[in-house]
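>>> Take this sequence and fold it.
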Amino acid sequence: MIELIDLTKTYTTRLGVKTQALDSIRLNLPDVGMIFVLGKSGSGKSTLLNLLGGLDRADSGRILVDGMDLSAKKGKELDAYRCHDVGFVFQDFNIIEHYTVRENVGLALELQGKTIESKLMRNTLELVDLKDFENRKGNEVSGGQKQRIAIARALIKRPRLILTDEPTGNLDSNTSDQIMNLLKEISKETLVVVVSHDPEEAKVFGDRIIYIKDGRISKDELIHVSEDKLSKVHEHKGFLKLSSSIKYGIHALRPKRLQVIMTSLLLTFSLMVSNLLGAYLHFLNDPDMRLFEILDSEQIKAIATDLQGYLTQAHAEVLILGTYVLLLGIFYVFLSISVEQRIKQLGIFKAIGARHQDVLKIFIWEALLLGIGSFILSSLVAYAYLLDINKKFYDGLSVLGLYLPQILFHGYISLFLPSLFMVGLTLNTLRKNSVISILKES
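Numbers count the residues shown, from 1 in each chain. Here you go, the predicted structure:
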C-alpha cells in the first residue's frame with residue numbers, strides 16, 4: 001500500500017512567484033487496480049505523479065511505500081526506487097529513437113545489472129503486441145507502437161507501480177482504446193496510476209477516480225474494488241554492466257557519423273602534427289645514439305642545421321603547444337555538443353532509474369572510443385609519414401622517429417582528457433537540470 005500523508009509542494013518561478021501545486025494531500029493507494037487522477041491543467045496532477053515516482057520531492061509531508069518512507073530518501077536511493085519499483089509511461093513516449101525495440105525495453109533490465117533473457121523479452125513484447133518488432137528502431141514505428149514500447153519497458157522489470165501521464169494524449173481514438181485496454185489488463189496484477197483530462201475514459205477503464213482542484217482532492221470516487229495483494233519494495237543491488245555501457249556508448253556515436261568523422265579527423269591531425277613536431281624536437285635536442293654509429297657529429301649537426309632552415313626550434317615549440325591547445329578545444333567542443341544533443345537520453349536514463357554512475361559509464365565510453373580511435377590512427381599516420389621522410393631525405397636512415405614518452409603521453413591524454421571533460425559536462429547538466437525539466441524541454 002502507498003500512503004500520502006499531508007503532502008505539500010510549492011513551486012517558485014524565477015520571478016519569485018509562488019504556486020501551490022499540492023496542499024496537504026492525504027491519500028491511500030492499493031497494490032493493484034487502475035486509478036485515474038483528473039483535473040484541469042495546473043491543478044497538481046502531474047506534480048502528484050512526479051512525487052509518487054521519485055522524480056520530485058515534497059516540501060513537507062510523507063510518502064510511505066509499503067512502509068518505506070520515500071520522502072526521506074535521496075539520490076541513489078531514489079534512483080534505486082525508480083529502477084526497480086516504478087515504471088513510467090509518458091505522453092510523448094520518451095523512448096530513444098535510434099535504439100531498437102529490444103534495446104529500449106531491455107535498458108530497464110540492464111540498469112538493474114541483469115542480462116536480457118530472450119524468452120522474457122519475447123513474452124513481454126508479445127504481451128504489448130510487438131512480437132515481430134524486436135529489431136525495429138524507435139524511429140521506424142508508429143506513435144501507438146512507441147507507446148507500447150514504453151509500456152513494455154515499464155513492464156519488463158515487474159514494478160510494483162506503473163505511472164502514466166496522459167498516455168493516450170498523442171494517439172488516435174482507436175489506438176487510445178487499445179493502449180487503455182492493455183493498461184487495464186496490467187492493472188489486475190499491478191497498481192496503475194493514470195493522469196488524464198478525459199473523464200469519460202476514466203469512467204470506462206478506472207477502478208477509482210481521484211479529482212484534484214487547486215492542489216487539493218475535491219472528490220475521490222470508488223468505481224470498483226480491487227483485491228489487494230502483498231507487495232514489497234525491492235532492494236537495489238544491481239548496476240549497469242561494463243558490456244552494456246560499452247554497447248550504449250557505441251550507439252551514441254552511430255547517429256552522428258559525419259560529426260564523429262570530422263571530429264576524429266581533426267583530433268587525428270592534431271595528434272599527428274604534435275607527433276611529427278615531437279620527433280623533430282627530439283632529434284634536435286637528443287638524437288638517437290644509434291645515429292652516431294652511422295653518422296659522425298658533423299653530419300648530424302649539418303642535418304639539424306638544414307632542418308632548422310625550414311622550421312626553427314623556437315617555432316616548433318610554439319606549434320606543438322598550439323596543437324595541444326587545438327586538441328583541448330576539439331575535445332571540449334565535440335563533447336559539449338554531444339551532451340547537449342543527448343540531454344533527452346540523459347533524462348530518460350534517470351527517469352527509469354539510472355544512477356549517476358550508470359549515466360557516466362555510458363557517456364564516458366563515447367568519449368573514450370573517440371579518443372582511443374584518434375590516438376591509434378594518428379600514431380599510425382605519423383609513423384608512416386616519418387618513414388617516408390627518412391626514405392626521401394636520409395636514404396632510409398631513421399633520423400626522425402616517434403618519441404616513445406610522447407606517444408605514451410598522447411595515450412594518456414586520449415584516455416584522461418575526454419573522460420574528464422565528459423564527467424564534468426554530464427554532472428554539470430544533471431546538476432543544473434532536474435529530470436522533469438529535461439523531459440519537458442527536450
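
>>> ok, the closest residue to Phe93 other than its chain neighbours - contacts?
Leaving aside its sequence neighbours, Phe93 sits nearest to Lys146 (C-beta to C-beta, 6 or more residues apart in numbering; 4.2 Å). (Each C-beta comes from the backbone N, C-alpha and C, glycine too.) By C-beta atoms under 8 Å, 6 or more residues apart in numbering, the residues touching Lys146 are 93, 95, 138.

>>> What pLDDT does the model give Lys146?
pLDDT, Lys146: 92.

>>> ok, now Ser173?
85.

>>> That one: neighbouring residues, count only.
8 (other C-beta atoms under 10 Å).

>>> re the thing from before, give me the buried positions along the helix or strand harbouring the residue nearest to Phe93.
If you go by DSSP states H and E, Lys146 is part of helix 143-155. Within helix 143-155, the residues scored as buried using 16 or more other C-beta atoms under 10 Å are 144-155.

>>> One more: stretch 54-62?
54-56, 58, 61.

>>> May I have the helix holding Lys146 as PDB, with CA atoms only?
Extracted as PDB, the C-alpha positions of helix 143-155 are listed here (Å, rounded to 0.1, in the frame of the first residue of the first chain):
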ATOM      1  CA  GLY A 143       3.100   6.500 -32.300                       C
ATOM      2  CA  GLY A 144       1.000   3.800 -30.900                       C
ATOM      3  CA  GLN A 145       3.800   1.300 -31.200                       C
ATOM      4  CA  LYS A 146       6.200   3.800 -29.400                       C
ATOM      5  CA  GLN A 147       3.700   3.900 -26.500                       C
ATOM      6  CA  ARG A 148       3.600   0.100 -26.400                       C
ATOM      7  CA  ILE A 149       7.500   0.100 -26.300                       C
ATOM      8  CA  ALA A 150       7.200   2.500 -23.300                       C
ATOM      9  CA  ILE A 151       4.700   0.100 -21.600                       C
ATOM     10  CA  ALA A 152       6.900  -2.900 -22.300                       C
ATOM     11  CA  ARG A 153       9.900  -1.100 -20.800                       C
ATOM     12  CA  ALA A 154       7.900  -0.400 -17.700                       C
ATOM     13  CA  LEU A 155       6.500  -4.000 -17.500                       C
END
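
>>> Could you tell me how many residues sit around Ala351?
What Ala351 shows, counting by other C-beta under 10 Å, is a neighbour count of 21.

>>> And for Val318?
11.

>>> Assumed it was part of a strand.
No - according to DSSP: H, G, I helix; E, B strand; the rest coil, Val318 belongs to no strand; its state is helix.

>>> what's the distance between it and Leu327?
Note on Val318: its distance to Leu327, by C-beta to C-beta, to the nearest Å, is 15 Å.

>>> which parts of the helix or strand hosting Val333 are buried?
Element membership for Val333 (DSSP H and E) is helix 313-341. Buried residues in helix 313-341, counting neighbours by 16+ other C-beta under 10 Å, are found at 316, 319-320, 323-324, 326-327, 330-331, 334-335, 338-339.

>>> and if you look at stretch 350-365?
Neighbour-count burial for stretch 350-365 [16+ other C-beta under 10 Å]: 350-356, 358-365.

>>> contacts for stretch 62-72?
1-7, 51-52, 54, 57-58, 61, 78, 81, 85, 160-161, 231-233.

>>> Now, those residues that are in helices?
Of the positions in the contacts of stretch 62-72, 51-52, 78, 81 sit in helices, assigned by DSSP state H.

>>> Alright, that wraps it up for me.
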